[in-house]
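Enquirer: Fold the following.
(4 chains, ligands or ions: 2)
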Amino acid sequence: MTDFKKDFPILDKEIYGKQLFYLDNAATSQKPNLVLDTISDFYRSDNSNIHRGVHYLSEISSEKYEKARQKVCDFIGAGNPDEVTFTAGTTDSINQVARSLEPVLKGNEVMITGVEHHSNIVPWQLAGAKLRAIPMDFDCNLLMDSMEITAKTKLISISHVSNVLGSVNKIKEITGIAKDHDIPVLVDAAQSIQHLPLDMKDIGCDFLAFSGHKMYAATGVGVLYTSERFSDIMPAKGGGGMVDRVTLEETTYLDPPLKYEAGTPHIAGAISIGAAIDYMQNIGMGRIRKHEHEVYSYARDRLLETDGVTVYGNTEEMCGSISFNLDGIHHYDTGLILDKMGIAVRTGHHCAQPLMRSLGTEGTVRASFALYNTKEDADMLIEGIEKVRMMYA
Amino acid sequence: MTDFKKDFPILDKEIYGKQLFYLDNAATSQKPNLVLDTISDFYRSDNSNIHRGVHYLSEISSEKYEKARQKVCDFIGAGNPDEVTFTAGTTDSINQVARSLEPVLKGNEVMITGVEHHSNIVPWQLAGAKLRAIPMDFDCNLLMDSMEITAKTKLISISHVSNVLGSVNKIKEITGIAKDHDIPVLVDAAQSIQHLPLDMKDIGCDFLAFSGHKMYAATGVGVLYTSERFSDIMPAKGGGGMVDRVTLEETTYLDPPLKYEAGTPHIAGAISIGAAIDYMQNIGMGRIRKHEHEVYSYARDRLLETDGVTVYGNTEEMCGSISFNLDGIHHYDTGLILDKMGIAVRTGHHCAQPLMRSLGTEGTVRASFALYNTKEDADMLIEGIEKVRMMYA
Amino acid sequence: MRDAVQDEIIAQFDGLEWLDKYGLLISYAKELEPMDERFRNEENSISGCQSKVWIRTYKEDSRLIIDLDSDAMITRGIISLLLKVVNNRPPQEVLDLDLYFIDEIGLKSNLSPARADGLASIIRRIREVAEREVN
Amino acid sequence: MRDAVQDEIIAQFDGLEWLDKYGLLISYAKELEPMDERFRNEENSISGCQSKVWIRTYKEDSRLIIDLDSDAMITRGIISLLLKVVNNRPPQEVLDLDLYFIDEIGLKSNLSPARADGLASIIRRIREVAEREVN
Ligand SMILES: Cc1ncc(COP(=O)(O)O)c(C=O)c1O
Ligand SMILES: Cc1ncc(COP(=O)(O)O)c(C=O)c1O
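Expert: Residues are numbered from 1 along each chain as shown, chains lettered A, B, ... in the order given. Ligands and ions are numbered 1, 2, ... in the order given. This next block holds a predicted model:
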């Protein structure tokens, strides 16, 4: 295994005079030089607004933006690039779907799971839908057989991977069941796009949402995949670039993807997603998966072996995040002390309060891994935890 | 006058072997080194998700993000930073207001003007409001006396400066009238924030929207100022970071500004707006205004003197954009030929179809100026126009 | 496969500066027979162009006749060249054509999906018509 | 204006490594009298903290008595120090206090509005109470 850390300039950093061990990747990932250079080069030599420009820079910028769309299309195995729209992030993507489907959802139900991030809860509430969760067992395995689909269930919206537990939900099983009931499925891929190969044709979902910043790209940009089947829903936002003919009385819209991209998009951000995909594909998603699986399993095993540590969740496939608590020690204390040893983890409810309630805790310590993390990082984490326990002995 | 061009690396560029003359600033502005370095430094040494982080990088990032909010607050003379939220851009800001006010707007009326950008038209239509425009004269001066406010008028939403004509609308007169009728006012400052000093206390509007990318900052970020008076409207989007307590049944929200910032914001973008403000304030908004006014007036006068050129709009105060057409020559032809001389202008309807209809044209050529443009750029434009006319002679 | 008409166009544009290329396009535009006013309507227009473009097609002796026009001169010039190459041919030939001249005279950028100009849309439309006629 | 209690705290923390500072905070936390369970309720809690913090205040002989507690040890340690400085003083004195020890022992970051920890919220709440008692 090559050392990918060298591609990420920030990982060289020292904090409090100690080497940084960054294990907060589920919150946001660091950026490789390829992404940093792409952003910088864009602003330094191409920057212009896109579409409808007659001039050179506008043309270059538009071309790079559309090339990024094509890369996303290929990366997620979408049917065609018109199914890919750039948004401001996962949260924005999900809110857009909630807004567009509001006429159908209002007064009806959306089926989620018990591990969802607030971004896959609150938008549906704002759209006037009631929420039901697919039941799960103590280890946070979804109990598909107990899922109660009713006549009011108008959408199933599930995370692919839990940002808290790292549990991988069996989304293909769910799209299968949904197909039988002719219910559309949205997959929140915020925590899977950077870890697992995704193929829209294979998964068979109708919407897919993810963020650039968690997949080694810029902040403020994300993607919403909308299957061609839904190419005629109302746009969630209105503005420049998405209309055909505008009068004060009436407006007609362009076809997707433009219809769903009101206003000037995050051009540099979209292009940075293209670069992040290039970076990952240069390594190979299979190789990334293999390496991450090794490090993740190693870290999880070591945590499970450590006295006085409770690890949450246990499903067949896992990746990214591991949540735990040190018995009798507040997660916040653990986080603060680890920080002073240079180990960056996140603590708290991780925007998943309903899950915290199921786990019977106020919060957890979460260590989350990216392609650049190594077994050494896991060892440091364990060492840190031992030190915290000693301080509280 | 110092040469500001040296601060903008892209302006050194040659296209088709000719020096670039960038006059498409109303579409998007170029970025000074200060902004470029700020973005790059953020990703290379601070990058982390903000708020609720226990670790060092998260704290640094949060601090820089909140500092940017404070800078915006001071720059626009807001009452306090809680009135400032970061959005994805002007279009997103306006859509958020439309979404939040939808219960009030639906079936009622929004008063706009005849020069509005589609981004200040379509969101209101999507929210179910009818639009009326303040009448204007041939020169595109708003005729405030003819404005018909009815019992159904629930909002006045006007651009400060037209992106097509460069005409400055008298927003203080409008907020005055609005106050008498107790109607809230949204100001679309997409084309004024980079040219004119703004003071919320003086202007007295309730909402103000603008984009980072047009004020020398990153793409994908913008601002929505929401007066404290409206601190209890419903958030337009739901997600992480904006909630207090979440259950599947019910959710309570944090106070502004967090309430209006669902999901991971464009952290690097917000910080880049702070840097752009620093850049402008280092020069001084007064000095920028003076220089831009000189160049703008010079360019406009030269265009007016040129045979066979029709210039659109003529109001007391003007800045930024100048729209024109060469008699008998399609705007698209003009734009294409200017491009090949290195002169970047925009052509078409500029996302303002209703205005095009009033002007009796399908489109215009638009030259738009920023702080780095000079009289030499204006001379080049005139030279280019002469050449276009010769080619069509 | 090279094609004499395209090669001749390429030779004409070879070595010209951009402004001279545009000058040449304008003179080609002037040669183009304007479309009858009454056909320049919404129904015949091709969307996705910054300039308006109208198209009419019909078959004559198993050849595809294409009538194109635009309100912008440079678009007219490009259209005029395009018609020299594609007009008045059997539909299958139209489908088989490799329009390499566009790239070689430097107008490829006008073909990019990014460019709202819509030369790409025009060609796509012509291909659709040809395809329909073949089947 | 320097203040003896704060100066003593500063002297104690002076020169310590971060982990030792936290060790010291933990021992201060252990000294702190826990708040009666029944007062550790929603009503008395201060929001905006990652750990739970509860506050009760009352006046005794024109002095402001403050009772604080938290479920996290480091927060308890900070609270314990804070109480040494602000507790049992006339409200006006509380308002006049410059809490420089926080900065000097290196906890300023816990004060930043960015940090959800909420030491800033705790201090704000104490000031509000004192202000109310003064007026
Ligand atoms: C007056 C005006 N309003 C709104 C917008 C929309 O801004 P953005 O595309 O950055 O959302 C623009 C930019 O084109 C504008 O000029
Ligand atoms: C599972 C999941 N969904 C949604 C989100 C929201 O993503 P963003 O904050 O980038 O909009 C996150 C990120 O925290 C997440 O982990």
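
Enquirer: count of residues packed around residue A:296?
Expert: 22 (other Cβ atoms under 10 Å in any protein chain shown). (Each C-beta comes from the backbone N, C-alpha and C, glycine too.)

Enquirer: Next: residue A:228.
Expert: 13.

Enquirer: got it, and residue A:138?
Expert: 10.

Enquirer: Residue A:14 too?
Expert: Residue A:14, neighbours per other Cβ under 10 Å, totals 9.

Enquirer: Which residues does it form beta bridges with?
Expert: Listed by DSSP bridges, the beta-bridge partners for residue A:14 are residue A:19.

Enquirer: what's the spacing between it and residue B:56?
Expert: 10 Å (Cβ to Cβ, to the nearest Å).

Enquirer: Likewise for residue A:321?
Expert: 20 Å.

Enquirer: Who has more neighbours out of these two?
Expert: Each of residue A:321 and residue B:56 has its neighbours counted (other Cβ under 10 Å); residue A:321 has more, 28 against 20.

Enquirer: Verify the stated contact: that one with residue A:190.
Expert: No. In this structure residue A:321 lies outside contact range of residue A:190 using Cβ atoms under 8 Å: 11.2 Å.

Enquirer: give me the number of residues near residue C:14?
Expert: Residue C:14, neighbours per other Cβ under 10 Å, totals 9.

Enquirer: same check, this time on residue A:302
Expert: With other Cβ under 10 Å as criterion, residue A:302 counts 16.

Enquirer: Same check on residue C:135?
Expert: 6.

Enquirer: can you pull out the helices in the chain?
Expert: If you meant another chain, say so; for now it's chain A. A:33-41, A:56-75, A:90-105, A:122-126, A:171-181, A:200-203, A:267-283, A:285-305, A:331-340, A:353-359, A:375-392 (DSSP state H).

Enquirer: looking at chain C here, not the other one
Expert: Using DSSP H, helices in chain C cover C:4-13, C:18-31, C:73-86, C:91-96, C:100-104, C:119-134.

Enquirer: tell me which residues in the first one are buried?
Expert: Applying a neighbour-count criterion of 16 or more other Cβ atoms under 10 Å in any protein chain shown, the buried positions in helix C:4-13 are C:6, C:9, C:10, C:13.

Enquirer: The second one contacts residue C:105, doesn't it?
Expert: Yes. Look at residue C:9 against residue C:105 with Cβ under 8 Å: they come within range, at 6.5 Å.

Enquirer: Residues in contact with both of the two, list them for me.
Expert: With contacts taken as Cβ atoms under 8 Å, 6 or more residues apart in numbering or on different chains, residue C:9 and residue C:105 have no neighbour in common.

Enquirer: Residue A:357 - how many residues pack around it?
Expert: 15.

Enquirer: Likewise for residue A:298?
Expert: 15.

Enquirer: my guess is residue A:39 meets residue A:218, correct?
Expert: Yes. Counting by Cβ under 8 Å, residue A:39 touches residue A:218, with 6.1 Å between them.

Enquirer: of these two, who's got more company?
Expert: A direct count of neighbours by other Cβ under 10 Å for residue A:39 and residue A:218 places residue A:218 higher, at 32 against 25.

Enquirer: residue closest to the middle of chain A?
Expert: With distances taken as Cα atoms, centre = their mean, residue A:190 lies nearest the centre of chain A, 1.0 Å away.

Enquirer: For burial, what's the neighbour tally of the nearest residue to that residue once chain neighbours are set aside?
Expert: Once flanking residues are discounted, residue A:190 sits nearest to residue A:90: 4.3 Å by Cβ to Cβ, 6 or more residues apart in numbering or on different chains. The local packing of residue A:90 (other Cβ under 10 Å) involves 31 other residues.
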